[in-house]
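**Q** turn this into a model:
(one chain, ligands or ions: 1)
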Amino acid sequence: MKRPDIDVVVVGAGFAGLYMIHRTRAEGLSVRVFEAGDDLGGTWYWNRYPGARCDVESVEYSYSFDDALQQEWNWTERYASQPEILDYARHVADRFDLRRDITFSTRVVSAHFDEESSTWGVTTDGGETVVSRFLVMATGCLSSANIPAFPGAETFAGPTYHTGKWPHEGVDFTGKRVGLIGTGSSAIQSIPIVAEQAEHLTVFQRTATYSVPARNGTIDTSYVEDVKAHYADFRAANRLEQGGFGSRIERGETSALTAPEEERRAEFERRWEAGGFAFMASFNDFLLDKGSNDLLAEFVRDKIRTIVKDPATAELLMPTQVIGCKRLCLDTGYYDTFNRENVTLVDVSTTPIDRITETGLVTGGVAHEFDVLVYATGFDAMTGSILKVDIRGRGGQRLADAWEAGPVTYLGLSTAGFPNMFMVSGPGSPSVLTNMIVSIEQHVEWITSCIGHLSRTGFASIETTDDHQREWVAHVNMIADFTLFPRCNSWYLGANVEGKPRVFMPLLGFPAYAERCQQVAETDYEGFVLTPA
Ligand code: NA7
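**A** Here you go, the predicted structure:
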């Protein structure tokens, strides 16, 4: 029988991994975190591209588990920048003495379950194998870079960067001709800044994106004082929201279709001026009714027409898909950047990128030359980083095989055949459709209290069943199909990665989900089989 070296192994030291340490210790259990980076912070450690910033407001995108922490930390802007969020993560780690349980610069390469001892053998790229009772994948939803396999990519003579693997020392684009592929959130944040530095920037766009002004700026101190005076209530109210944030957002309770045109337009305009995700909340049916959605989409297209001076460029920048079914972007001067003389937009929707060459790339038979190539091409979202680890469960079954047709989980926390393994914000949980920190706290608290319960009551293992996960996947899909979300090629569906199964991965509806998890725990883990030691 293998004897465990440790109670819990956690993969990843981002916000999920850090909180896992804190909560596991509180259960009186031992924990070890392996982190591939040479410091903590996860998403905020890797995504250092110019302009990287969170699109959930800073007073909300932070831990709520410790009142002294939330009272003492002071955010400087409405939306926190990547360096500030990373400083915050480091502050949390120091404040709660978390670093001593993290092994940095170490990637977990495999995790194999041993049925006889109900333990996981977790092996790192350093060759170390640790035997643990539980395995927790805290690998993040947007952490596995998607770099499309363009022919000739290796021949490009200049430097290439992916927004999600940005060099720590930064990149100086001064005097350079830059080619940038992609127009998602990372591109939209970085393009205005790269354009200011570069001699010339060529943006290669496959799908035009809806973006709304962030209206970022110095944080309003009286607002912060008010939030801090009622932080517990503020957090509790956010946890009741569908996305786990935005409790102070004014939400329209009628359909956009029923409002008189003038009133509707004035409301859209007011929200465009205010900036942020509240833009999508003026009426209550944008993601349920295509007619209503069209009205909002047309409003943004009108804005693009007004902002972008060259009509052909404006036309190209106008998205045609459903607004909001790909994550809405928040920007600072994105559309306006295309009025600059040194910025060119190239459409690669009808003529995809043929190949990368030594001096640039070719699309539709036309060569575009540049000195530096930036991939803002996103991530193999939600499953990419989990499946990079060779995970084998009962009977040696590979997780990659179990998920061949798309991820199958119960509650987004657990997969049948993989006992004692949990995922934080896994596919099938609300995760990316919420404020991530709210979802992370909810999952970590659920997982650690479950592990604590099993340890105290003498159970060796916990595992969900095929039936429960089948029902759960059907439930996730049923809810998504009720909305317009599945209508476009988003990374929620895995549509951005060639060959990835097309399955809607996140669950819509945070508060009901959190209640369900609570109920499951209170009914002796309904949907799970618990095996005595
Ligand atoms: P996204 O949102 O997935 O954006 C990636 C962009 O790269 C998007 O515009 C893609 O076009 C484009 N892309 C991907 N593959 C190709 C190929 N082969 N050719 C041309 N263009 C391509 O990733 P981000 O990093 O910007 O943002 C991820 C999330 O982080 C974001 O949603 C926020 O939640 C924070 P496509 O739209 O697929 O046609």
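
**Q** please, where are all the strands along the stretch 251-400 of the chain?
**A** 329-331, 343-347, 353-356, 360-363, 366-369, 372-375, 390-392 (DSSP state E, counting those that start in this stretch).

**Q** what helices or strands is the last one leaning on?
**A** The criterion is 3 or more Cβ pairs under 8 Å, 6 or more residues apart in numbering; DSSP states H and E, and the helices and strands that strand 390-392 contacts are strand 108-114, helix 399-402. The way it works is simple: take the backbone N, C-alpha and C, and place the C-beta from them, glycine included.

**Q** give the buried residues for that strand.
**A** For strand 390-392, a neighbour-count test (16 or more other Cβ atoms under 10 Å) marks 391, 392 as buried.

**Q** quick one, helices of the stretch 301-450 of the chain?
**A** In the stretch 301-450 of the chain, the helices defined using DSSP state H, counting those that start in this stretch lie at 311-317, 334-337, 384-387, 399-402, 436-457.

**Q** select, out of those, the one closest to residue 197.
**A** With Cβ to Cβ as the measure, helix 334-337 is the member of the helices of the stretch 301-450 of the chain nearest residue 197 (12.0 Å).

**Q** which residues does that closest one contact?
**A** Here helix 334-337 makes contact (Cβ atoms under 8 Å, 6 or more residues apart in numbering) with 188, 191, 192, 195, 211, 303, 304, 307, 308, 317, 343.

**Q** would you format those residues as TSV with distance to residue 364 and neighbour count included?
**A** As requested, the contacts of helix 334-337 are exported to TSV (distance: Cβ to Cβ, whole Å; neighbours: other Cβ atoms under 10 Å):
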residue	distance to residue 364	neighbour count
188	24	24
191	22	27
192	26	21
195	23	22
211	26	22
303	29	19
304	23	21
307	27	16
308	22	21
317	18	24
343	20	20
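
**Q** now residue 80, nearest residue through space, not along the chain?
**A** Spatial nearest neighbour of residue 80, excluding adjacent residues (Cβ to Cβ, 6 or more residues apart in numbering): residue 58 at 4.0 Å.

**Q** can you put the strands of the stretch 251-400 of the chain in CSV and add distance to the ligand?
**A** Shown next, in CSV, are the strands of the stretch 251-400 of the chain (distance: least, Cβ to the nearest ligand atom, whole Å):
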stretch, distance to the ligand
strand 329-331, 7
strand 343-347, 10
strand 353-356, 5
strand 360-363, 9
strand 366-369, 13
strand 372-375, 8
strand 390-392, 24
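
**Q** make CSV out of those and add distance to residue 222.
**A** Formatted as CSV, the strands of the stretch 251-400 of the chain follow (distance: least, Cβ to Cβ, whole Å):
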stretch, distance to residue 222
strand 329-331, 23
strand 343-347, 38
strand 353-356, 49
strand 360-363, 50
strand 366-369, 49
strand 372-375, 39
strand 390-392, 49
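
**Q** for these, give me a markdown table that also has mean pLDDT.
**A** What follows is the strands of the stretch 251-400 of the chain, written out as a markdown table (pLDDT from 0 to 100):
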| stretch | mean pLDDT |
| --- | --- |
| strand 329-331 | 98 |
| strand 343-347 | 98 |
| strand 353-356 | 98 |
| strand 360-363 | 98 |
| strand 366-369 | 98 |
| strand 372-375 | 98 |
| strand 390-392 | 98 |
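
**Q** list the contacts of residue 346.
**A** Residues near residue 346 by Cβ under 8 Å, 6+ apart: 202, 203, 204, 205, 363, 368.

**Q** give me the neighbour count for the fifth one.
**A** Going back to what we said before, that points to residue 363. Residue 363 has 18 neighbouring residues, counting by other Cβ atoms under 10 Å.

**Q** ok, the residue of the chain found nearest the ligand - contacts?
**A** Among the residues of the chain, residue 184 lies closest to the ligand, at 2.1 Å counting by Cβ to the nearest ligand atom. Counting by Cβ under 8 Å, 6+ apart, residue 184 makes contact with 209, 326, 329, 376, 377, 378.

**Q** rerun at 6 Å
**A** residue 378 (Cβ atoms under 6 Å, 6 or more residues apart in numbering).

**Q** any figure for the gap between it and residue 441?
**A** 26 Å (Cβ to Cβ, to the nearest Å).

**Q** got it, and residue 173?
**A** Distance of residue 173 to residue 441, given as Cβ to Cβ: 38 Å.

**Q** next one: residue 469
**A** 24 Å.

**Q** number of nearby residues for the closest residue to residue 91 other than its chain neighbours?
**A** Excluding its sequence neighbours, the residue lying closest to residue 91 (Cβ to Cβ, 6+ apart) is residue 73, at 6.8 Å. As a burial measure, residue 73 scores 17 neighbours (other Cβ under 10 Å).

**Q** do the one 5 residues further on as well
**A** Per other Cβ under 10 Å, the neighbour tally for residue 78 reads 19.

**Q** mind listing what it touches?
**A** 57, 216, 217, 219.

**Q** and of those, the nearest to residue 116?
**A** Proximity to residue 116 was ranked across the contacts of residue 78 by Cβ to Cβ; first place goes to residue 57, at 49.8 Å.

**Q** I'd assumed the closest one was in a helix, is it?
**A** No - under DSSP: H, G, I helix; E, B strand; the rest coil, residue 57 sits outside any helix and is assigned coil.

**Q** nearest spatial neighbour of residue 375, skipping sequence neighbours?
**A** residue 162 (4.5 Å).

**Q** doesn't residue 376 make contact with that neighbour?
**A** No - checked against Cβ atoms under 6 Å, the pair residue 162 and residue 376 is beyond contact range at 7.9 Å.
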